[in-house]
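K.L.:
heads up, no residue letters with this:
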C-alpha cells in the first residue's frame, strides 16, 4: 500500500498543463447580475429586441428557481453576484482574416496547441475559438459557406441569420429547463452556431475551442447545432482555463437539432483546470447539453472525454422523437485529487423503433468522486425501443469513490432495455502479467486504462483521439491502484 | 419540503399511543414529525405516491382492533405439509392461545418486555414510516433464539388483517438470535375481507455471530390493502442472512429491506419476485450497507408485470471506505406483459473502497421469441409455452426458499397466476 501511496503522491504533484494566463486588455461587464447587466450585455452585442426580451424572460424564470442539490457533489455555494458576466478581448477593429487577429490572442491558442494557422493549413478542420466569452476567429468560413453551411460565432449568427437562431434557440433546452440553463439563457455572451442545410454532408470536422482567461468571470457560452434533413456534421469542442485559486463557473448550453435522416456527431474533450492537488480552485462545470432527433432515422452521437473541472455536472441527452432514430453516448470521465464528477446521460425514447446505446467509463483516483447518473425512459408509444447501457468504474487508490445512479423507466412492453455496471480496480494479476513481459508498471497502467477506455476513445475523431489518449495517460501517470 | 398537513394525517395514532417504551415512542414521534410523510417527488418515494394513496383510501386513522378467530380459520391458512411453529396475529397483535411453537423459542408480546432496544436497528431517522410505527405501534412480538440453538423447522408468522374500528395496522416484530443460532421465519398475511387498510410494519432482526437466519415472505393481501413494511437487520461476523420476498397482490405495497453487514465474512442474500396484475403497485427498495472488509452480498429481484400494474425497484449497494474485499452482486430483471404496465428501476452502486468486486445488471424486456418458437415447434400451445417460460423466469427466485412446504405453496400460487393469466 505504501508504495501505491507514494506513486499516487508523485502523480498528484503533477500540475495542470494549461494553467497559464495571458494579460490582454479586456472589455468587461461590471460585477454582479441584474436586469441592467443583461441589458448591458445585449447592447454591447448589438442584439435585436426579441433576443433581449428572451434573455429577460429567462432571467425572470431563473429568479424563481433554486439551485439544484440532488447531484452527488459537494462544493461551496457560488456567489453569482460576485461574478462578471461578460469579458471580451479588446480589439482595435474587426478582423477580416486570421492575419489581422491580435497576435497576442493567436499566441494563446498556439500555446493551447491549436494554432489556427496551422489548423487551417494542415488539418482542414474549421475552428471557432471562444476566449472568455467572445468568439475570436472562425477559420474556413468561406469554404464552408460555398456549401451553404453556416459556422460562425453565435453573435454573428444573431446578426446574419436571425430567422434561424430565432427558430431553434431554446427549442431543445427551454429556458425553464433548469437553474443553470435559465441562467445561461439570461446572460450567455457568445458561443458557436452551426447550420447544415438539407442534404449537405459537411466535408470537414467543425471545431470550437473554449477558454476562460480573465479572473472572476463566468463563462456562459451557447452552442446551437442545426442539421437539416439528410445532412451530416461532426462537431468537436475543447476546453481549458488558467490556473487560479478561486473557483470559476462554466455554465454552457448546447442544443442539437437533427432533422430526418440527419446525423450529428458531437465530440468533446474537457480539460478545464481541475483545481490543485489540495482541491483549491478549479472550474465548476455545470453544463446542459441536449439533442433532439426530431426527424425519422436521425442520429445523434455524444462522445466526451472529461478530465478537467473541479466539479462536473453534466448530462448530454438525446430526445429520440423521430421513428427509427438513434442516440448514442460514449463517455470517459477521469477524476483525480479532489475532483468531483456527476455525469451521465438521458435517453428519452418517444418514437417507434428507437435505439440508444450508453457506454460510460469512469476512472477515479486520489480523493475524487465519480458518479454516473443516467436515465433511460421508454414512453408508452415507443414500440420496439432498444437500449443498451454499460457503465464501468475503475478505482485507483482507496480514498476515491465510484457511484452509479441509473434510472430506468419503462412504459412499453416491447422495450428491450439492458443495463450493466461493474466496479473494480486494476488487478494485480494484470499488472503482474505485463511486468512479466517487460512492461514497466507505469506503462502497464497506461496500457490497461487505454484498453479500458478504448471503446469510447475509438468513437473520437482521429486528432481528438490522439489528444485524449495522451491526456488520459498524463492524468493517470503513476496512479497504480 | 413538507407542509403541515403531511404530519397531521396520523395525529390520531400519535395521540392514542400506549405509554410503554416512552422514550422510544417520543423519539419515533419526533422523527416522524420532523420528516413528515414523503412529499410529491421525494427521491425515496419518487414513483410510489404513498401519501396520496393513504389520504385517498384510508379515512379512519386509528389502530385497528384485535378480533376473534377460531382454530379452523387458522388451520385453513397454514399451507399443506407445514409442521413448524405457528404464531398467530390479528391486526398485528399476537394471539398466544392460537399459537403453538417450539419450546426452544422464547416468545412474548413486546408489551411484556421491559428494556428492548426498539429502534436501534431499524432507525426512525431513515424513514418517516419507521418513526410512525415506533411512536404508535399498539403491541408486537418479541422472539428470541438462544445461543447455539438451532430451530429445525421454520417459524410461521401468520397475520390476519382487516379494518376493525380503525384502518391502520402497525405490527412490530423484534427477533434476536444468539451466537451460532439458526432459525428461519415465514411471514404470511391473510386479508379477512376486501376492506381497505394500511399496514405499517417494522421488523428488526438482531443476529449473533455465526448465526444463520432466514426471513421469507409472501404478500398476497386484498386488492385494497396498502402496505409499507420495513425489515432491517445487522449481520455479524461469519453470519448469513437470507431474505426472500414474493409479492402477488395488494393496492400499493412498499418494502424497505435494509441489510447492514457489520461483521467480516458475513453474507447477505436478497431475493425477490413481484408478479403483478390489475392495478397493483409494488415498490421494493433494498439497501445493503457494507461497512467492513470481506463480506458478500447477493441480490436478485425479478418482476412480471401484467395489466396496469407497476413495479418499482431501487437497489442500493453502499461499500464504505473500510469495506475492502467486498463482493456485491445485484440483478434486476423485468418482463412487461401489457401496454399499460410500467416498470421503474434504479440499481444504484455507491462505492468508496477500491479493492472490491461489485456489479449490477438490469434488464427489461419481453419473452424471448426464439424460446417461444422452440416450444411451439414441439407442439406446446402458446399459452402453455408462455406460462412455462414465465415460470422458469420466476423459478430462479423461488428456488431460494429452503422450506419445502412454503416453497410448494409459493410455486402453486405463482403457477396458478401464470396459468390463469396466460
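P.N.:
On my side now, so go ahead. For clarity, every value in this text was computed on a predicted model and none was experimentally measured.
K.L.:
who does whichever helix or strand residue B:218 is part of pair up with?
P.N.:
Secondary structure from DSSP states H and E places residue B:218 in strand B:212-220. If you go by DSSP bridges, strand B:212-220 pairs up with strand B:182-191 (parallel), strand B:240-249 (parallel).
K.L.:
Would you mind identifying the next helix or strand past the last one?
P.N.:
In other words, strand B:240-249. For strand B:240-249, the following helix or strand on the C-terminal side (DSSP H and E) is strand B:252-261.
K.L.:
tell me the mean pLDDT over that next one?
P.N.:
The predicted model assigns strand B:252-261 a mean pLDDT of 96.
K.L.:
Need the strands paired with strand B:212-220 in JSON lines (columns: mean pLDDT and mean neighbour count).
P.N.:
Glycine gets a C-beta too; all of them are placed from N, C-alpha and C. Formatted as JSON lines, the strands paired with strand B:212-220 follow (pLDDT from 0 to 100; neighbours: other CB atoms under 10 Å in any protein chain shown):
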{"stretch": "strand B:182-191", "mean pLDDT": "94", "mean neighbour count": "22"}
{"stretch": "strand B:240-249", "mean pLDDT": "95", "mean neighbour count": "23"}
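K.L.:
Contact partners for the residue of the stretch 1-150 of chain A found nearest chain B?
P.N.:
Per CB to the nearest CB, residue A:70 is where the stretch 1-150 of chain A lies closest to chain B, at 7.1 Å. By CB atoms under 8 Å, 6 or more residues apart in numbering or on different chains, the contact set of residue A:70 is residue B:43.
K.L.:
swap the cut-off to 6 Å and go again
P.N.:
By CB atoms under 6 Å, 6 or more residues apart in numbering or on different chains, no residues touch residue A:70.
K.L.:
Now it: which helix or strand?
P.N.:
Using DSSP H and E, no helix or strand contains residue A:70.
K.L.:
any idea how far residue A:179 is from it?
P.N.:
Separation of residue A:70 from residue A:179 (CB to CB, to the nearest Å): 11 Å.
K.L.:
Within its sheet, name the partner strands of the top strand by length along chain A and how each one runs.
P.N.:
Ranked by residue count and defined by DSSP state E, the top strand of chain A is strand A:282-293. The strands beside strand A:282-293 in its sheet (DSSP bridges) come out as strand A:247-250 (parallel), strand A:253-258 (parallel), strand A:311-314 (parallel), strand A:317-320 (parallel).
K.L.:
What's opposite the single nearest residue of the stretch 251-400 of chain A relative to chain B in the beta bridge?
P.N.:
Here the stretch 251-400 of chain A gets closest to chain B at one residue, residue A:395, 3.8 Å apart by CB to the nearest CB. On DSSP bridges, the residues paired with residue A:395 through beta bridges are residue A:364, residue A:425.
K.L.:
Just to be sure, residue A:432 is in a helix?
P.N.:
Yes. When classified by DSSP: H, G, I helix; E, B strand; the rest coil, residue A:432 is found to be part of a helix.
K.L.:
contacting residues around it?
P.N.:
Contacts of residue A:432 (CB under 6 Å, 6+ apart): none.
K.L.:
what's the distance between it and residue A:144?
P.N.:
52 Å.
K.L.:
what separates stretch B:259-273 from the chain centre, distance-wise?
P.N.:
Stretch B:259-273 sits 15 Å away from the centroid of its parent chain (CA atoms, centre = their mean, to the nearest Å).
K.L.:
ok, residues contacting it?
P.N.:
For stretch B:259-273, contacts defined as CB under 6 Å, 6+ apart pick out B:233-246, B:284, B:286, B:288-302, B:394, B:397, B:400.
K.L.:
Is any residue of the helix with the most length in chain A near chain B?
P.N.:
As assigned by DSSP state H, the longest helix anywhere in chain A is helix A:441-457. No. Helix A:441-457 lies out of reach of chain B by CB under 6 Å from any CB of the partner chain, never closer than 13.6 Å.
K.L.:
Quick one: mean pLDDT over the helix or strand following that helix.
P.N.:
Later in the chain than helix A:441-457, the nearest helix or strand by DSSP H and E is helix A:462-476. Mean pLDDT, helix A:462-476: 71.
K.L.:
name the helices or strands packed onto helix A:462-476?
P.N.:
Taking 3 or more CB pairs under 6 Å, 6 or more residues apart in numbering or on different chains; DSSP states H and E as contact, the helices and strands that helix A:462-476 lies on are strand A:263-270, helix A:441-457.
K.L.:
which one of the ones you listed is the most hemmed in?
P.N.:
With neighbours defined by mean count of other CB atoms under 10 Å in any protein chain shown, none of the helices and strands packed on helix A:462-476 is more surrounded on average than strand A:263-270, at a mean of 23.
K.L.:
could you give the angle of that strand to helix A:462-476?
P.N.:
30 degrees (axes from the mean of the first three to the mean of the last three CA atoms, to 10 degrees).
K.L.:
Need the residues that contact strand A:263-270.
P.N.:
With contact meaning CB under 6 Å, 6+ apart, strand A:263-270 is reached by A:227, A:232-239, A:256, A:258, A:299-306, A:308, A:460, A:464, A:468.
K.L.:
The closest residue to residue B:218 other than its chain neighbours and residue B:299: what is the separation?
P.N.:
Using CB to CB, 6 or more residues apart in numbering or on different chains and skipping the chain neighbours, the partner closest in space to residue B:218 is residue B:246 (4.7 Å). Per CB to CB, residue B:246 is found 15 Å from residue B:299.
K.L.:
One more: residue A:355?
P.N.:
Taking CB to CB, one finds residue A:355 at 29 Å from residue B:299.
K.L.:
And for the longest helix of chain A, what's in contact with it?
P.N.:
The contact list for helix A:441-457 (CB under 6 Å, 6+ apart) reads A:330, A:332, A:359, A:361, A:394, A:426, A:430-431, A:434, A:465, A:468, A:473, A:476, A:478, A:480.
K.L.:
what do you get for stretch A:294-301?
P.N.:
The contact list for stretch A:294-301 (CB under 6 Å, 6+ apart) reads A:229, A:256, A:258-265, A:291, A:293, A:318, A:321-328.
K.L.:
For the host helix or strand of residue A:359, give me every contacting residue.
P.N.:
Element membership for residue A:359, per DSSP H and E: strand A:355-364. If you take CB under 6 Å, 6+ apart as the criterion, strand A:355-364 is touched by A:326-335, A:345, A:347, A:370, A:372, A:386-395, A:400, A:402, A:453, A:455-456.
K.L.:
and that strand, how far from the chain's centre?
P.N.:
Chain-centre distance of strand A:355-364: 15 Å, with CA atoms, centre = their mean.
K.L.:
relative to strand A:355-364, how tilted is whatever helix or strand comes next after that strand?
P.N.:
Note on strand A:355-364: by DSSP H and E, the next helix or strand toward the C-terminus is strand A:369-378. Between strand A:369-378 and strand A:355-364, the angle comes out at 170 degrees (the same axes, to 10 degrees).
K.L.:
pLDDT (mean, whole number) over strand A:369-378?
P.N.:
92.
K.L.:
residue contacts, residue A:411?
P.N.:
Taking CB under 6 Å, 6+ apart as the contact definition, residue A:411 lies against A:378-380, B:342.
K.L.:
Show me what from the stretch 251-400 of chain B comes close to chain A.
P.N.:
With CB under 6 Å from any CB as the criterion, the stretch 251-400 of chain B comes near chain A at residues B:336, B:338, B:342-346, B:348-352, B:354-355, B:358-365.
K.L.:
Determine how far stretch A:374-382 lies from the middle of the whole chain.
P.N.:
In this view, stretch A:374-382 has its centroid 24 Å away from the chain centroid, taken as CA atoms, centre = their mean.
K.L.:
Buried residues of that stretch, list them for me.
P.N.:
Judged by neighbour count (16 or more other CB atoms under 10 Å in any protein chain shown), stretch A:374-382 contains these buried residues: A:374-379, A:382.
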